[in-house]
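In: Okay, here's the prediction I keep looking at, along with the sequence it came from:
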Amino acid sequence: MDRIKAIGLCLCGMCPSFMDCKEEIAYCLADQGTSGCIKKEQGCLCPGCPVQEEENFQHVYYCIRGSEYGQSRPR
């Protein structure tokens, strides 16, 4: 998905865990990953997010746990 389109559809800014520290949202995208300022899981809107649904992503809390790609890699 195009990054500009993803940011336009993204729900990150409405999430209970979100902290506005002027960083780019759409944490689920492989090149974004975790937030530099969000440290606590306080609720998650990833399930039901248009970006997650359109891309068929399976994880949650991308802002803290990492991108879809990062969470999908074997550890």
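Out: Alright, I've got the coordinates. All of these numbers come straight from a predicted model, not from anything done at the bench.

In: Enumerate the positions of stretch 44-57 that are buried.
Out: For stretch 44-57, the neighbour count (16 or more other Cβ atoms under 10 Å) marks 44-46, 49, 51-52, 57 as buried. (C-beta placed from N, C-alpha, C; glycine too.)

In: With stretch 6-26 instead?
Out: For stretch 6-26, burial by neighbour count (16+ other Cβ under 10 Å) applies to 6-7, 10-12, 15, 17-18, 25-26.

In: Closest one to residue 37 out of the residues you listed, please.
Out: For these, the minimum distance to residue 37 (Cβ to Cβ) is 9.6 Å, reached by residue 18.

In: and that closest one, how far is that from residue 74?
Out: With distances defined as Cβ to Cβ, to the nearest Å, the gap from residue 18 to residue 74 amounts to 29 Å.

In: Could you do residue 23 as well?
Out: When residue 23 is compared with residue 74 (using Cβ to Cβ), they lie 28 Å apart.

In: now do residue 55
Out: 20 Å.

In: Kindly report the same for residue 12.
Out: Residue 12 sits 26 Å away from residue 74, going by Cβ to Cβ.

In: now do residue 57
Out: 17 Å.

In: Helices of this protein, start to end?
Out: Taking DSSP state H, the helices of the chain run over residues 3-9, 50-55, 62-65, 68-72.

In: Which of the ones you listed sits closest to residue 34?
Out: With Cβ to Cβ as the criterion, residue 34 lies closest to helix 62-65 of the helices of the chain, at 6.1 Å.

In: For the residue lying closest to residue 70 once chain neighbours are set aside, give me its contacts.
Out: Once flanking residues are discounted, residue 70 sits nearest to residue 33: 5.8 Å by Cβ to Cβ, 6 or more residues apart in numbering. When the contact criterion is Cβ atoms under 8 Å, 6 or more residues apart in numbering, the partners of residue 33 are 27, 62, 66-67, 70.
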